[in-house]
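Chemist: sequence and predicted model, in that order:
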Amino acid sequence: MNITLRQLKVFERVAHRLSFTRAAEELFLTQPAVSMQIKQFEETVGLPLFERLGKKIYLTRAGDELYRLSKTISQQLEEAEQLIEELKGTDGGKLAVSVASTVHYFAIRLLADFVRRYPKVKVSFKVTNRRGLLQQLDDNEADIVLMGQPPQELDLVAEPFMDNPLVVIAPGAHPLARTKSISPAQLKHETFLMREQGSGTRSSVERFFSEHGFNISGSMEMNTNTAIKQGVEVGLGLGVVSLHTVERELEDGRLVVLDVESFPIMRKWFMVYRDGKRLSVVAKAFEEFVRAEAKRYVSSAGPQ
Ligand code: PGA
């Protein structure tokens, strides 16, 4: 069989997603380009690899066998790549870091200093929410992920490296801005600006609200911390965000942290990678850097 690595890669993505459209998106290709690659691949193999039933596609028996094989080949290629990276050491090499949208406020400065220390390293830096990060770990797209605590049932190595306090924020001129020990019940009628489904911050806040009998149906949804901060600033409502995302606004008085009982909700930041993943020399250097330096990038790291 005269198949190319490119065909194999496209096939693997389509087989993994069982969708030409999603595979095309992930590979930055058009859908017709993906269909063409698959068609050529099937011609080379001499058997259909997918079958269409209604709107869905499924792997045929041959497709299933080849999918298993293509995963082994990709893994071996990745190992070969790792080996080359190892030979390059920190003098070159690549590092793929993905971080929670909430982490990027300090992670970008941390990364800048890491790159200053290892200027030859090529870095890919992706920012997404918790759900997106778990997907990336599943797809083996990142060397190291910085995020909230991952689910324990997944095969991941997760090391806490810093506290992540969630606080209630309000505009500087809010009537409760100077009140001490506000009870959560006093906030029941406030509108809250909530992060999108899939955000780790949102799940923690939802848990807190349901424990305190809040009905959050009156809340407003926004998909970035920046939108929440700005929304709170212009008086749309209150927000619950990581203290690490609002340090500047607190400093210049645009926002205040309300003194609400049971707050901060104390979470932790974790450094995460897939169990069994062989970290390259660069990834190990980054891991060490985060362990030693991360706390310097926030003014409120708290004890470990
Ligand atoms: P997120 O980050 O709210 O941006 O998803 C926090 C987390 O990973 O828990």
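Modeler: Perfect, thanks for sending it. These numbers come from a predicted model, not from an experiment.

Chemist: CA only for contacts and neighbour counts going forward, please
Modeler: Noted.

Chemist: state the distance from the closest residue to Glu221 other than its chain neighbours to the ligand.
Modeler: The shortest distance from Glu221 to any residue other than its chain neighbours is 4.8 Å, reached at Met194 (CA to CA, 6 or more residues apart in numbering). Between Met194 and the ligand the distance is 10 Å, computed by CA to the nearest ligand atom, to the nearest Å.

Chemist: count of neighbours near Met194?
Modeler: Counted with other CA atoms under 10 Å, residues neighbouring Met194 total 26.

Chemist: do the same with Lys88
Modeler: When neighbours are defined as other CA under 10 Å, Lys88 has 16 of them.

Chemist: the strands in the stretch 201-304 of the chain, which residues?
Modeler: Assigned by DSSP state E, counting those that start in this stretch, the stretch 201-304 of the chain shows strands spanning 220-221, 238-242, 255-257, 265-274.

Chemist: which of the ones you listed sits most buried?
Modeler: Of all the strands of the stretch 201-304 of the chain, strand 238-242 has the most neighbours on average by mean count of other CA atoms under 10 Å, namely a mean of 26.

Chemist: any idea of the angle it forms with strand 265-274?
Modeler: 50 degrees (axes from the mean of the first three to the mean of the last three CA atoms, to 10 degrees).

Chemist: give me the distance from strand 238-242 to the chain's centre.
Modeler: Centroid separation for strand 238-242 versus its chain: 19 Å, with CA atoms, centre = their mean, to the nearest Å.

Chemist: ok, the residue nearest to Glu221 - contacts?
Modeler: Arg202, Ser219, Met220, Glu221, Met222, Ile228, Gly239, Val240 (CA atoms under 8 Å, 6 or more residues apart in numbering).

Chemist: out of those residues, who's nearest the ligand?
Modeler: Here the nearest of the contacts of Met194 to the ligand, counting by CA to the nearest ligand atom, is Arg202; it sits at 6.0 Å.

Chemist: what's the closest one in contact with, if anything?
Modeler: With contact set as CA under 8 Å, 6+ apart, Arg202 has these partners: Met194, Arg195, Glu196.

Chemist: I'd say the last one and Ser219 touch.
Modeler: No. Contact criterion CA atoms under 8 Å: Glu196 and Ser219 do not qualify, at 11.3 Å.

Chemist: now stretch 137-145: buried residues?
Modeler: Leu137, Ala142, Asp143, Ile144, Val145 (16 or more other CA atoms under 10 Å).

Chemist: and that stretch, does that touch the ligand?
Modeler: No. Stretch 137-145 stays clear of the ligand (CA under 6 Å from any ligand atom), getting no nearer than 9.5 Å.

Chemist: please list the residues of the stretch 1-150 of the chain that sit near the ligand.
Modeler: Contacts of the stretch 1-150 of the chain with the ligand, taken as CA under 6 Å from any ligand atom, map to Ala100, Ser101, Thr102, Asn129, Arg130, Met147, Gly148.

Chemist: any stretches of the protein with poor pLDDT?
Modeler: Applying pLDDT under 70 to the chain flags residues 300-304.

Chemist: which parts of it belong to which domain?
Modeler: The record's domain parsing of the chain by automatic domain parsing lists 5-73, 86-162+268-297, 164-266.

Chemist: format those as TSV; extra columns: distance to Ala80.
Modeler: What follows is those, written out as TSV (distance: least, CA to CA, whole Å):
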stretch	distance to Ala80
domain 5-73	10
domain 86-162+268-297	10
domain 164-266	34
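
Chemist: which of the three states applies to the residue nearest to His104 when sequence neighbours are not counted?
Modeler: Nearest non-adjacent residue to His104, counting by CA to CA, 6+ apart: Val127, 6.9 Å away. Three-state call for Val127 (DSSP: H, G, I helix; E, B strand; the rest coil): strand.
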